[in-house]
Structure formats: structure tokens, C-alpha cells
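Novice: this one's structure only:
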């Protein structure tokens, strides 16, 4: 599936032609338009950071036009839209990039990143250079900065009396919504659950109807999407310290002046830093609010989860795509 998706996408990009509809730097003084597509809402911390920090910093030469809730392009199709010249920017996950470049699954592996600071060290380390170069050369997408999404936890409809999740064995038969890519589905299975692919926009109604048992997201997303209205418990598995990349059209980038490129890079880094601090603050302060809504929050046997999840990757097809020594280098950058 990896290779077919990647070949098909790159072929479709080539068929569209290098010019497509990407917007180059205007020589006549008129502003460019930077379009951004995200599956997140307008109040999602990543969206806020881009609108409040990135947009003003590039306003001298570019109009920033975001599309929220998958309204411009459906979740999972944004990178192809950038590659095809139909979109300037997206907030892309490692899981989405792994559809094109399987080695990116290493950054979507359970219990690999330790915290937000570790993510930044990894992204800025030379170990990332070949990853970034491949995305630019083969997909025409430039990864500008890394955004902190948060620690993902298991959030379920069942009460704790009905289901007490202490180890992966307790998730057997639980229909846990995970995004549809291979890397996500593998992680869901590694957690012990029955992963169910479902668009983010359908999660709330599917929880309400009982079509799924649960979902996994950081606490700020639980609040932003009001998942606490349709769930009863959160087991703080912290199975993924999740990230997103600010992805930018390489063609548009190449059309910018050196000064404009520097401004775009600084704006992306500033937005990522702002969003990171806000997201960490929200994570630290939201548990009490969620509890006040009748949701029980507790910590399971993290050692059991970590050991079980990491063991699932050893010798797997997913791990076979990881460049030799990279996991050790990521670990070495940790605490």
C-alpha cells in the first residue's frame, strides 16, 4: 500500500506539470496568497498559532487564507494538493508523510518521542536532513518547523466500572478510532485495540451513536471537539507524544526572495513555538475541567503499555523501512 500510494501520488504530481497553480512571488508588488488546509478547527491551538503569529509576520508580502475542518481539502489529501500546486501549506503529520515515505513512520511510533523539547531537538538535528531532502525532492514539499500536538491518550465511552484500562490486554475488542493511514492503524493494534479508520470530522457523532468505543487524542483536542460530552473516561496512556510539521510548497518557496524565505522560516518557527507553549499550558490545566464534566481520568500501567507497544514494532514491516541507526540517534537526543 505504501509504494502504490507514493507512486500514484508522485505520478499524479508529475502529470499536473511543474507550474500547476502554485502562486509565485509577484514581481509587480501585489501580494501572494498563502492557502493553508487543516482538518483542525479554528480554535485548535495549531490553527490559532498560524493565524495569530505566522500570518502577521508574512503580511508584508502574502495574504494568509486558511481553510479549517477539512473544508479546502479532505484530511490526508493536503500533501498531494501542495505537490500538485493547488495548495501552499498544511499542518502535516508524520503518519501522512509515511504514506509516501515509509521511513517517516519512525516519528509516529509509540513511545519514541519523550516530550515537546525532544521533538524539537530531533527535528533540528542533522539526522532529519535526509528525511527533509527526500520530501522536497520527491514530493515538492518543504518541512519548515515542528508543532507539538500533545500526549495522546485513550478516551472511551464506557465507564471505568465497565472497562478499566490498565494494560494493553484490557483494550482487546475495543473499537478505537484511529486515522486511516497504515502507521496509525498499526499503532492502534499495537496498543491492543481494534483500530477503526474514521475521518476526524465524524468522531463526535460516532462516539455519540456507539459506532466506535473510543478515540485517542491529547486533552486539548478532547476539549476543543467536546468529546467529553460523549465519553466517560480517559486512560492516560501517553502512547504518542504527537507532532505535526508545517509543510510548505517548495515551488512557492523557490519563488520567494531570500528575505521572504527568511521571514517565512522565522514565522513558521515562531508560530510553532507559540503553539507549543500554549498547548503545553492547556494540557497542564484541562484535566480538572474534563473531570468536572463527569469524565474519569486515571493513569494505567505505563511500563506495561510501553513494553508491549515497542515490542510490536520490533521485526515488523513498519520498522523495516527505518534507516539504520536513526532510532538510536533519536533516543540519544532524549533525556
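Specialist: Here it is on my side, so go on. From a predicted model like this one, the values you see are computed outputs, not experimental measurements. Numbers count the residues shown, from 1 in each chain.
Novice: give the rounded mean pLDDT of stretch 324-335.
Specialist: Mean pLDDT, stretch 324-335: 90.
Novice: same check, this time on stretch 219-236
Specialist: The pLDDT scores in stretch 219-236 average 96.
Novice: for it, buried residues please.
Specialist: Neighbour-count burial for stretch 219-236 flags 219-225, 227-228, 230-236 (criterion: 16 or more other C-beta atoms under 10 Å). All C-beta spots, glycine's among them, are computed from the backbone N, C-alpha and C.
Novice: which residues are contacting that stretch?
Specialist: With C-beta atoms under 8 Å, 6 or more residues apart in numbering as the test, stretch 219-236 has contacts from 41, 43-45, 149-151, 153-160, 163, 165-166, 203-204, 207-208, 214-215, 217, 279, 282-283, 286-287, 289-290, 293-300.
Novice: counting by contacts, list what the helix or strand where residue 188 lies packs against.
Specialist: Taking DSSP states H and E as the definition, one finds residue 188 inside helix 182-190. Applying 3 or more C-beta pairs under 8 Å, 6 or more residues apart in numbering; DSSP states H and E, one finds that helix 182-190 makes contact with helix 94-100, strand 175-178, strand 194-197, helix 302-313, helix 317-320.
Novice: could you identify which of those is most buried?
Specialist: Burial of the helices and strands packed on helix 182-190 is given as mean neighbour count (mean count of other C-beta atoms under 10 Å); helix 94-100 ranks first at a mean of 25.
Novice: how far out from the middle of the chain is that one?
Specialist: Computed by C-alpha atoms, centre = their mean, to the nearest Å, the separation of helix 94-100 from the middle of its chain amounts to 10 Å.
Novice: how about the closest residue to residue 316 other than its chain neighbours, what does it touch?
Specialist: The spatial neighbour of residue 316 that comes closest, neighbours along the chain excluded (C-beta to C-beta, 6 or more residues apart in numbering), is residue 186 at 7.4 Å. Neighbouring residues of residue 186 by C-beta under 8 Å, 6+ apart: 105, 312, 316, 318.
Novice: once you drop chain neighbours, what's closest to the residue positioned nearest the centre of the chain?
Specialist: For the chain, the residue nearest the mean C-alpha position is residue 93 (3.2 Å; C-alpha atoms, centre = their mean). Setting aside the residues directly before and after it, residue 93 is nearest to residue 244 in space (C-beta to C-beta, 6+ apart), at 5.6 Å.
Novice: how about the backbone phi and psi for the one you found?
Specialist: Torsion angles at residue 244 (phi, psi; degrees, to the nearest 10) stand at phi -130, psi 160.
Novice: cool, residue 151 as well?
Specialist: The phi and psi values for residue 151, taken as degrees, to the nearest 10, are phi -80, psi 120.
Novice: and it, what's its pLDDT?
Specialist: Note for residue 151: predicted pLDDT of 94.
Novice: can you check residue 314 too?
Specialist: pLDDT, residue 314: 86.
Novice: among the buried residues of stretch 219-236, which ones are in helices?
Specialist: 219-224 (DSSP state H).
Novice: can you pull the contacts of the residue lying closest to residue 69 once chain neighbours are set aside?
Specialist: Nearest in space to residue 69, with sequence neighbours left out and distances taken as C-beta to C-beta, 6+ apart, is residue 41 at 5.8 Å. Residues counted as contacts of residue 41 (C-beta under 8 Å, 6+ apart) are 47, 68-69, 224-225.
Novice: so which strand or helix has residue 41?
Specialist: Short version, using DSSP H and E: residue 41 is in no helix or strand.
Novice: quick one, phi/psi of it?
Specialist: Per-residue torsions, residue 41: phi -80, psi 170 (degrees, to the nearest 10).
Novice: and the gap between it and residue 47?
Specialist: Distance, residue 41 to residue 47, using C-beta to C-beta, to the nearest Å: 7 Å.
Novice: give me the common contacts of these two.
Specialist: Common neighbours of residue 41 and residue 47, using C-beta under 8 Å, 6+ apart, are residue 68.
Novice: what about the strands in this structure?
Specialist: Using DSSP state E, the strands of the chain run over 32-37, 62-67, 89-92, 141-156, 175-178, 194-197, 214-217, 233-249, 296-298.
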